[in-house]
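Peer 1: Sequence and predicted structure are below.
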Amino acid sequence: GTQRAGDDAGARVPSRPAAATPSRPADVPCPGESPTPSAPATTGDTSVPQTPPIDHYAENHGFRVPIPLHGRLRCDGLAAVARIEMALEPLRRRGDFTPDSTRRALIGLGYAAEKVESYQNGTGVGFLVDAPSMCLEGTMYPRSTEADAFGGYPDGTDCRPPSGGH
């Protein structure tokens, strides 16, 4: 306890070993998708900040971050998103932003009626589909239709964000 940060006179303190990074499945381009450039290489700096972060919002709300799809499921998800966007495009062009019309269009794609939800979302319509191997969520507004596929939530049992966790 006699040395202070920035004191060069003291003996060298061994650096902390780098934290292990969990492996992630490699994703290959799916049909119709252009390959994305690989992430830039890190500089090799494995230093750990000396002070903990003050804001723990991201850490405390990580349970609300959807689980990404990988491998074949990711490709299936991209295909499902494309089908949904194509099915909803005629409704968007007509200006039909009713939850009932949106729900009927999604059920028409073969999703189980009890697993399809749609709701008014301002001037548009939001939707959630609990498909057999993934979750599909999105919105349809006058200017665009957007959908996303994901694998649920870390602390959840279905496609809805959990109300609590850590």
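Peer 2: Cool, the structure landed. In this text, all values refer to a predicted model and were calculated from it rather than measured experimentally.
Peer 1: and the longest helix for this protein?
Peer 2: Ranked by residue count and defined by DSSP state H, the top helix of the chain is helix 71-94.
Peer 1: What's the mean pLDDT across the helix or strand following it?
Peer 2: Scanning forward in sequence from helix 71-94 by DSSP states H and E, the next helix or strand is helix 99-108. Throughout helix 99-108, pLDDT has a mean value of 98.
Peer 1: residues of helix 99-108 that come out buried?
Peer 2: Across helix 99-108, burial judged by 16 or more other C-beta atoms under 10 Å covers 101, 102, 103, 105, 106, 107. Yep, even glycine has a C-beta here, placed from its N, CA and C like the rest.
Peer 1: Next, give me the two most distant ones among the residues you listed.
Peer 2: 101 and 107 (10.9 Å; C-beta to C-beta).
Peer 1: now the closest residue to residue 113 other than its chain neighbours: how far from residue 90?
Peer 2: Leaving aside its chain neighbours, residue 113 sits nearest to residue 107 (5.2 Å; criterion: C-beta to C-beta, 6 or more residues apart in numbering). Computed as C-beta to C-beta, to the nearest Å, the residue 107 to residue 90 distance reads 15 Å.
Peer 1: Same question for stretch 128-137: list its buried residues.
Peer 2: Buried-residue list, stretch 128-137, by 16+ other C-beta under 10 Å: 128, 129, 130, 131, 134, 135, 136, 137.
Peer 1: Contacts for stretch 72-87 next, please.
Peer 2: 27, 30-33, 68-69, 105-106, 108-109, 129, 131, 133-134, 136, 138, 145-151 (C-beta atoms under 8 Å, 6 or more residues apart in numbering).
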